[in-house]
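Asker: when you get a sec, could you give me coordinates for this:
(2 chains)
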Amino acid sequence: MKTQKSIPTTKVERSAKFVKTGIQIGGNYIKHYSKKLFNPEMDREQLNEDNATDIYKSLSELKGSALKIAQMLSMDKNILPKSYVDKFTQSQYNAPPLSGPLIVRTFTKNFGKTPENIFNSFNLSSSNAASIGQVHQAMLNGKKLAIKIQYPGVGDSISSDLKLVKPFAFRLLGMSERELNIYIKEVEERLLEETDYELEVKRSIEFSEACKNLDHVVFPKYYPELSGKRIITMDWIDGLHLKEFLQTNPSQELRNKIGQALWDFYNFQQHG
Amino acid sequence: MATAQQIRNAYLDYVLTNNEKPKSVYVFVKKLKITEADFYQFFSSFESIEKTIWFELTFETINKIKEQEVWPQYTAREKMLSFFYSYLENLKNERSFVIYSLKNHHGKFSTPDVLAGVKPIFENFAQEIIEEGLDSGELAERRFLSKRYKDALWIQFAFIVNFWINDDSEGFEKSDEAIEKGINVTFDLFQHSPIDNLLEYGKFLSRNGKFADKMRF
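Answerer: Predicted coordinates:
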């Protein structure tokens, strides 16, 4: 990317729009370029950090698809500058939780019974939050289970959330409007699929069935009879995220084993 | 023969190393191997060297920001923000001097002597911007108050520079915040507010009193 020494005038028009919607992004550019006049070596780190913080603040107010987009952008690391990635990966874990009564209501809507009447025990506080739902632990017949519950209204708000996110994406990704629309359409379709939990259970079962012969790859068992449009029940599997696992300083041998398993898994998916 | 630049640099070097002025012009020029006449050709006193440095820092900032391509597109508020962000960045290069030169000034509300040259050019710059803002409608024209807008900005100037001197945050980020919040509040007050509309309405009613009376039930 060419480095810019001064703000191109069209950027001011766009950033003025943002200032009106209460976001600081326009002000951040003024700060950056004014300072750069007397410090030409200055890099964009501070600007990116300021912008990322402001964008994150407003995105985290929106649950559902806007947050999901932040995640997707953060995963596609080649597109975003580092400060954005750091900020947005946080959005994978920080959405505020669903209330207890709402959880109970989701269950009665889906199964006609409260969670206590379905499982032996059910933890009303979630153990993990995801962008379109959260995970709870439960016990049934001695088995530890993971219950994924979707935020209500997520499916309905997808199109409008995407419209909200479009101006951010426009600036962040530097695509033309046409390219961006294609990208967003794809995102919309994937998101709509993600909200269909019945589809997810069906596919997960097919998938784990197909991959069952792979070494060192474990899939949880899915329970379609305890799952519905907004709830998925599966085995609870303990484990560490790759990042945290690496912090425990595993042996090179163990790392090789995992690397091999990941590669076999990928290879199998691509080439049968 | 010495240049103004040489004298200025030698002076800076001396005060920053010794944390005080040279004992006299005589001693200073002796060390520099120039004559007193050479010195007085450019400066009338040590203080005038400091005043010149301050003046140049401010003048340079104002000129440079006006050269930006975006400058005409900035609102009055944005121009003032741009000034302060650039100014502190420029001052960064001479931070030790800034701290030294203002350290002995204790009056909170009076202007330090060394800034005597800065105040007029800053106020001139501020007035220019205010007038543009009044013309464009960005700022509210208030009969006796609009003249005082530039004073409010000079107060911000003093506050921001003093804040920056005492700022020990990383990258002076707290000063950035002081600029952003201070200038935004100041310009919020310069803009049309519900109070202005209330006053306009009040004036209208008092002028059309007879008419308004008939409207009551």
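Asker: quick check: residue B:92 touching residue A:35?
Answerer: No: Residue B:92 sits out of contact with residue A:35 when judged by CB atoms under 8 Å, with a separation of 9.1 Å. For every residue, glycine as well, the C-beta is placed using N, CA and C.
Asker: pLDDT weak spots in chain B?
Answerer: Chain B contains residues with pLDDT under 70 at B:1, B:106-109, B:210-217.
Asker: higher neighbour count, residue B:92 and residue A:35?
Answerer: residue A:35 (21 against 15; other CB atoms under 10 Å in any protein chain shown).
Asker: tell me the contacts of the nearest residue to the more buried one once chain neighbours are set aside?
Answerer: Closest residue to residue A:35 apart from its sequence neighbours, by CB to CB, 6 or more residues apart in numbering or on different chains: residue B:89 at 4.3 Å. Each residue near residue B:89 by CB atoms under 8 Å, 6 or more residues apart in numbering or on different chains is listed here: A:34-35, A:37-39.
Asker: which residues in chain B form helices?
Answerer: All helices of chain B, identified by DSSP state H, fall at B:4-18, B:25-32, B:36-42, B:46-66, B:76-92, B:95-103, B:118-136, B:149-165, B:173-190, B:194-207, B:209-215.
Asker: for the stretch 101-250 of chain A, same thing?
Answerer: Along the stretch 101-250 of chain A, counting by DSSP state H, counting those that start in this stretch, helices occupy A:115-118, A:154-173, A:177-195, A:197-210, A:242-247.
Asker: now the ones you listed as CSV including mean neighbour count?
Answerer: Output for the helices of the stretch 101-250 of chain A, formatted as CSV (neighbours: other CB atoms under 10 Å in any protein chain shown):
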stretch, mean neighbour count
helix A:115-118, 16
helix A:154-173, 17
helix A:177-195, 14
helix A:197-210, 15
helix A:242-247, 10
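Asker: out of the contacts of residue B:89, who's nearest residue B:142?
Answerer: Distances from residue B:142 to the contacts of residue B:89, taken as CB to CB, are shortest for residue A:34 (28.7 Å).
Asker: would you confirm that the closest one contacts residue B:86?
Answerer: Yes: if you go by CB under 8 Å, residue A:34 and residue B:86 touch, sitting 4.3 Å apart.
Asker: which neighbours do those two share?
Answerer: Common neighbours of residue A:34 and residue B:86 (CB under 8 Å, 6+ apart) are residue B:65.
Asker: residues from the stretch 151-272 of chain A in reach of chain B?
Answerer: Not one residue of the stretch 151-272 of chain A sits near chain B, judged by CB under 8 Å from any CB of the partner chain.
Asker: where in the stretch 151-272 of chain A is pLDDT low?
Answerer: For the stretch 151-272 of chain A, the ranges with pLDDT under 70 are A:152-158, A:160-162, A:164-165, A:168-175, A:272.
Asker: swap in the stretch 1-150 of chain A?
Answerer: Across the stretch 1-150 of chain A (using pLDDT under 70), the flagged ranges come out as A:1-26, A:55-98, A:129-131.
Asker: how about the strands in it?
Answerer: Residue ranges of the strands in the stretch 1-150 of chain A, as given by DSSP state E, counting those that start in this stretch, are A:121-122, A:128-129, A:133-140, A:143-150.
Asker: what comes up buried for the last one?
Answerer: By neighbour count, and taking 16 or more other CB atoms under 10 Å in any protein chain shown as the criterion, the buried residues in strand A:143-150 are A:145-150.
Asker: just put the residues you listed in CSV and tack on distance to residue A:215.
Answerer: Below are the buried residues of strand A:143-150 laid out as CSV (distance: CB to CB, whole Å):
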residue, distance to residue A:215
A:145, 26
A:146, 24
A:147, 29
A:148, 27
A:149, 33
A:150, 33
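Asker: closest one of those to residue A:202?
Answerer: Among the buried residues of strand A:143-150, and counting by CB to CB, the member closest to residue A:202 is residue A:148, at 14.6 Å.
Asker: burial check on residue A:53, number of neighbours?
Answerer: 14.
Asker: any figure for the gap between it and chain B?
Answerer: Using CB to the nearest CB, to the nearest Å, residue A:53 is found at 12 Å from chain B.
Asker: list the contacts of the residue positioned nearest the centre of chain B.
Answerer: The centroid of chain B falls nearest to residue B:157 when counting by CA atoms, centre = their mean (4.3 Å). If a contact means CB under 8 Å, 6+ apart, then residue B:157 has residue B:122 as its contacts.
Asker: what does residue B:15 give?
Answerer: Counting by CB under 8 Å, 6+ apart, residue B:15 has contacts B:21-22, B:97, B:100.
Asker: quick check: residue B:165 touching residue B:102?
Answerer: Yes: counting by CB under 8 Å, residue B:165 does reach residue B:102; the two are 6.4 Å apart.
Asker: who has more neighbours, those two?
Answerer: Between residue B:165 and residue B:102, counted using other CB under 10 Å, residue B:102 has the larger neighbour count: 18 against 14.
Asker: thought the more buried one was touching residue B:118?
Answerer: No: with contact defined as CB under 8 Å, residue B:102 does not count as touching residue B:118 (11.4 Å).
Asker: name the nearest residue to residue B:179, sequence neighbours excluded.
Answerer: In space, residue B:179 is closest to residue B:84, 4.5 Å off (CB to CB, 6+ apart).
Asker: swap in residue B:171?
Answerer: residue A:46 (7.1 Å).
Asker: neighbours of that neighbour, how many?
Answerer: 17.
Asker: with residue A:107 instead?
Answerer: Close neighbours of residue A:107, defined as other CB under 10 Å, add up to 23.
Asker: name the nearest residue to it, sequence neighbours excluded.
Answerer: residue A:115 (5.0 Å).
Asker: much appreciated, bye for now.
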